[in-house]
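Trainee: sequence and predicted structure are below.
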Amino acid sequence: MKSLGKFLIFAGQLFVRRESFKTYVSLVIDECIKVGYNSLFIVTIVSVFMGAVVTVQTAYNLVSPFIPDYVISLVVRDMTVLELSPTIIAIVYAGKVGSNIAGELGTMRITEQIDALEVMGINSTSYLVLPKIIASVLMYPMLVVMSGFLCIYGGYLTSIATGIISGHDYIYGIRYEFIEFNITFALIKAFVFALLVASISAYKGYFTTGGALEVGKSSTAAVTNSCIAILLADYLLAQLLLG
Amino acid sequence: MIEIQDIKKSFNDKEVLKGVSATFEDGKCNLIIGSSGTGKSVLLKNIVGLIQPDSGKILYDNRDFTSGDKKDQSEIRREIGMLFQGSALFDSKTVEQNIMFPLDVLTDMSKEEKIERVNFCLDRVGMANVNNKMPAEISGGMKKRVGIARAIVNKPNYLFCDEPNSGLDPQTSMVIDELIKEITDEYGITTVVVTHDMNSVIEIGQKVIFLYKGLKLWEGSNKDITHSGVKELDDFVFANRMMKEFR
């Protein structure tokens, strides 16, 4: 409860004594590059291979002659949109971006850089953390959309390369009984997960005390707590919006 | 002038400051001295608002810094420059960007004006032509100078230095001390320096406050420090063999 209260006070500090809008624009752009652009490589690799593996494994399990081939790609599509791209990529995102945020803020804390901001009369919480959160909620949904495409495309490439199903059947399955709300649901999840990863990691980093060892611990705690929060939020959102 | 009245601060059950009162005068180098763990840095952090005191008042030219009004605090803080123990330069910014930072965030100056001011400050601390170096590329002494340049760039009324000589060789320490003294005299600002370096006390201690176990035991100038009559201060001042022989 004490930690929750501290977290809420920390969140409240984001919106008081802010600097000029112009200052935040450049900070948000910088952060977008760090959290979004710099995550492209890992998201691409994970997504393509995830799609490939899911396609092979789904085909392996659907061996009945009564089940048409296009069901494989239908399953790949729904798994990708509903779970794999928003959630699994969020775990990867927490590992990369979350640990980076916590490490950066933790190092700034122990080297008195945050104190330097405070002494200058700058609200360090708002100045350092708000741009990271804004950048995260802007960029992560984009990463999820990209991941979804790549995951499905990875499955397509695997289908073609291995001959599990034909390209025509794969495309047919992808388009078969498509529910548009699933995309909305994926984007809602992406928004919530991005908010959770950025805010939890920033909180862990911002309140680091001690030295280099504690910065490492903060980074680890940021990733662990973000992953737990993602899984809890995943269940709650599924229950609320699909249940 | 900065006035602190009966400042008390505890961490859990440990009482670090047990009611410290003092006045830091304009245009002087005011030194807070004492052994490690006596509460010097905690007192300094209370004065600049990084820690809230449990009780007591801090007045900046009769403006109450402990009233709890964040807006008032923010305004006073914009008149403060501070040199941190580890310099606290922003790793991701160049020397020029570090010094320009307070101007970027706190002023409406044009780019040309800001560059001119940054170059003036760098020149003032003897660090011309290092604008594009990163903090990791310069030495500890250079970092301190850049830290001073950043502290004075926004023309502060109050300058605080936390252990400005820590980690520096005696010669560089003297250069930093002289720089702090010159800047104080030149701009007539109120400078407060936390140190346990006796060389600094002798060189720049126009007003010295001695802390011992969270209490102010003595106050005076560097000229009087060798005959204060306070045993704890004598033990601190004459700690090394050379000073003992001098005594």
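Mentor: Sure, I can see it.
Trainee: how close does A:Lys132 get to B:Leu217?
Mentor: Counting by C-beta to C-beta, to the nearest Å, the gap from A:Lys132 to B:Leu217 is 46 Å. C-betas here are computed from N, CA, C, even on glycine.
Trainee: compare those two (neighbour count), which wins?
Mentor: Counting neighbours by other C-beta atoms under 10 Å in any protein chain shown for A:Lys132 and for B:Leu217 shows that A:Lys132 has the greater number, 27 against 17.
Trainee: pull the contacting residues for that one.
Mentor: Residues in contact with A:Lys132 (C-beta atoms under 8 Å, 6 or more residues apart in numbering or on different chains) are A:31, A:35, A:101, A:198, A:202.
Trainee: looks to me like the fourth one is in a helix.
Mentor: Yes: counting by DSSP: H, G, I helix; E, B strand; the rest coil, one finds A:Ala198 located in a helix.
Trainee: which residues does the residue nearest to it when sequence neighbours are not counted contact?
Mentor: Of all residues not flanking A:Ala198 in the chain, A:Ser136 sits nearest, at 3.7 Å (C-beta to C-beta, 6 or more residues apart in numbering or on different chains). With contacts defined as C-beta under 8 Å, 6+ apart, A:Ser136 is in contact with A:31, A:35, A:97, A:194-195, A:197-198.
Trainee: output the contacting helices and strands for the top helix by length along chain B.
Mentor: Across chain B, the helix with the greatest residue count (assigned by DSSP state H) is helix B:170-187. In this structure, helix B:170-187 packs against strand B:29-33, helix B:140-152, strand B:158-162, strand B:190-195, helix B:198-204, with contacts taken as 3 or more C-beta pairs under 8 Å, 6 or more residues apart in numbering or on different chains; DSSP states H and E.
Trainee: redo these as JSON lines? Include distance to chain A and mean neighbour count.
Mentor: Output for these, formatted as JSON lines (distance: least, C-beta to the nearest C-beta, whole Å; neighbours: other C-beta atoms under 10 Å in any protein chain shown):
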{"stretch": "strand B:29-33", "distance to chain A": "17", "mean neighbour count": "27"}
{"stretch": "helix B:140-152", "distance to chain A": "8", "mean neighbour count": "24"}
{"stretch": "strand B:158-162", "distance to chain A": "8", "mean neighbour count": "24"}
{"stretch": "strand B:190-195", "distance to chain A": "12", "mean neighbour count": "26"}
{"stretch": "helix B:198-204", "distance to chain A": "20", "mean neighbour count": "20"}
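Trainee: to A:Gly154, which of those lies closest?
Mentor: Using C-beta to C-beta as the criterion, the shortest distance between A:Gly154 and those is 48.6 Å, found for helix B:140-152.
Trainee: need the mean per-residue confidence for that closest one.
Mentor: Here the mean pLDDT over helix B:140-152 is 89, rounded to a whole number.
Trainee: C-alpha coordinates for that helix, CSV please?
Mentor: Listed in CSV are the C-alpha atoms of helix B:140-152, where the atom choice follows Å, rounded to 0.1, in the frame of the first residue of the first chain:
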residue,chain,number,x,y,z
GLY,B,140,37.6,15.6,-12.7
GLY,B,141,39.0,19.1,-12.2
MET,B,142,37.6,20.1,-15.6
LYS,B,143,34.2,18.7,-14.7
LYS,B,144,34.2,20.8,-11.5
ARG,B,145,35.0,23.9,-13.6
VAL,B,146,32.2,23.1,-16.0
GLY,B,147,30.0,22.5,-13.0
ILE,B,148,30.9,26.0,-11.8
ALA,B,149,30.2,27.5,-15.2
ARG,B,150,26.8,25.8,-15.3
ALA,B,151,26.1,27.1,-11.7
ILE,B,152,26.8,30.7,-12.6
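Trainee: contact partners for the residue in chain B that chain A sits nearest to?
Mentor: Residue of chain B nearest chain A, by C-beta to the nearest C-beta: B:Arg77 (3.5 Å). When contacts are counted by C-beta under 8 Å, 6+ apart, B:Arg77 is found next to A:118-121, B:48-49.
Trainee: okay, and the residue nearest to A:Ala198 sits in which element?
Mentor: helix A:130-162 (DSSP states H and E).
Trainee: repeat for B:Gln5
Mentor: strand B:2-11.
Trainee: may I see the buried residues of that strand?
Mentor: Within strand B:2-11, the residues that qualify as buried are B:2-5, B:7-9, counting by 16 or more other C-beta atoms under 10 Å in any protein chain shown.
Trainee: closest one of the residues you listed to A:Asp78?
Mentor: Comparing the buried residues of strand B:2-11 against A:Asp78 with C-beta to C-beta places B:Lys9 closest, at 59.1 Å.
Trainee: hey, what's that closest one bridged with?
Mentor: The partner list for B:Lys9 in beta bridges (DSSP bridges) reads B:Leu17.
Trainee: got the contact list for it?
Mentor: Applying C-beta under 8 Å, 6+ apart, one finds that B:Lys9 lies in contact with B:15-17, B:39, B:42, B:46, B:51, B:53-54.
Trainee: do that again at 6 Å, thanks
Mentor: Listed by C-beta atoms under 6 Å, 6 or more residues apart in numbering or on different chains, the contact partners of B:Lys9 are B:16-17, B:42, B:53-54.
Trainee: what separation do you get for it and A:Met146?
Mentor: Here the criterion is C-beta to C-beta. By it, B:Lys9 lies 52 Å from A:Met146.
Trainee: A:Val92 contacts A:Val46, correct?
Mentor: Yes: contact between A:Val92 and A:Val46 holds when scored by C-beta atoms under 6 Å: they sit 5.4 Å apart.
Trainee: out of the contacts of B:Arg77, who's nearest A:Ser64?
Mentor: When the contacts of B:Arg77 are ranked by distance to A:Ser64 (C-beta to C-beta), A:Glu118 comes first, at 65.3 Å.
Trainee: just the element for the closest one, please.
Mentor: In the assignment (DSSP H and E), A:Glu118 maps to helix A:113-119.
Trainee: is chain B contacted by the helix or strand just after that helix?
Mentor: Downstream of helix A:113-119, the next assigned helix or strand under DSSP H and E is helix A:124. No: when contact is scored as C-beta under 6 Å from any C-beta of the partner chain, no part of helix A:124 falls within range of chain B; the minimum is 10.5 Å.
Trainee: so what does helix A:124 touch, helix or strand wise?
Mentor: With contacts taken as 3 or more C-beta pairs under 6 Å, 6 or more residues apart in numbering or on different chains; DSSP states H and E, helix A:124 sits against helix A:113-119.
Trainee: can you dump the C-alpha coordinates of the helix it packs on into CSV?
Mentor: Provided in CSV are the C-alpha atoms of helix A:113-119 (Å, rounded to 0.1, in the frame of the first residue of the first chain):
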residue,chain,number,x,y,z
GLN,A,113,21.8,14.8,-12.0
ILE,A,114,18.2,14.6,-10.8
ASP,A,115,19.2,16.8,-7.8
ALA,A,116,20.8,19.2,-10.2
LEU,A,117,17.5,19.6,-12.0
GLU,A,118,15.6,20.1,-8.8
VAL,A,119,18.0,22.8,-7.6
